[in-house]
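S.K.: Quick one: sequence and predicted model below, then my questions.
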Amino acid sequence: MSVKRGEVIGKRVYDQEAKLIGDVVDLAFKLEEKEVLLVVRTPGGLTMEIPSDKVAAAKDIVLLKEKVELPAAATQPAVTPPVAPAAQPSTPRVSIPFLKKKEEKICPYCGKPAVWIPQYQRWYCYNCQMYVD
């Protein structure tokens, strides 16, 4: 059975124990091994590659043949310490405040990015169709 790229992108990926692994964001392949991989973004925002031979079925969702352990950073977002800027010649930066993103917020229910609605001063998840703050 063949599945086209457009049919699998955006599908939810679940392991054998019905645990959400993430969403398919792309397909990749390794030239030397001729292996097709699913590129999956986990709810924590990390990406992982899953070989196509680990896929049991792909229709409305992608179901894997075995249990998959998410990377530790995927279950708890890592706090990255600030990095000092490199000593390079500075280039002038233009700041446009009305185009600036407020911050990123992930929906705690589905793991997809929420959107800031300025009119109501709240975060909204279009996937769950509800406010998440």
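M.R.: Looks like it came in fine.
S.K.: The residue sitting nearest the centre point of the chain pairs with what?
M.R.: The residue lying closest to the centre of the chain (CA atoms, centre = their mean) is residue 41, at 3.1 Å. Applying DSSP bridges to residue 41 gives these bridge partners: residue 23, residue 47.
S.K.: Return the per-residue confidence for it.
M.R.: Predicted confidence (pLDDT) for residue 41: 90.
S.K.: just checking, what packs against the strand or helix carrying residue 37?
M.R.: For residue 37, the element it lies in under DSSP states H and E is strand 35-41. Secondary-structure packing of strand 35-41 (3 or more CB pairs under 8 Å, 6 or more residues apart in numbering; DSSP states H and E): strand 20-30, strand 47-51. In short, each C-beta sits where N, CA and C put it, glycine included.
S.K.: Using a markdown table, lay out those strands together with mean pLDDT.
M.R.: Listed next are the helices and strands packed on strand 35-41 as a markdown table, based on pLDDT from 0 to 100:
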| stretch | mean pLDDT |
| --- | --- |
| strand 20-30 | 87 |
| strand 47-51 | 88 |
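S.K.: Mind checking the ones you listed for the one nearest to residue 129?
M.R.: Closest to residue 129 of the helices and strands packed on strand 35-41 is strand 20-30 (CB to CB; 17.1 Å).
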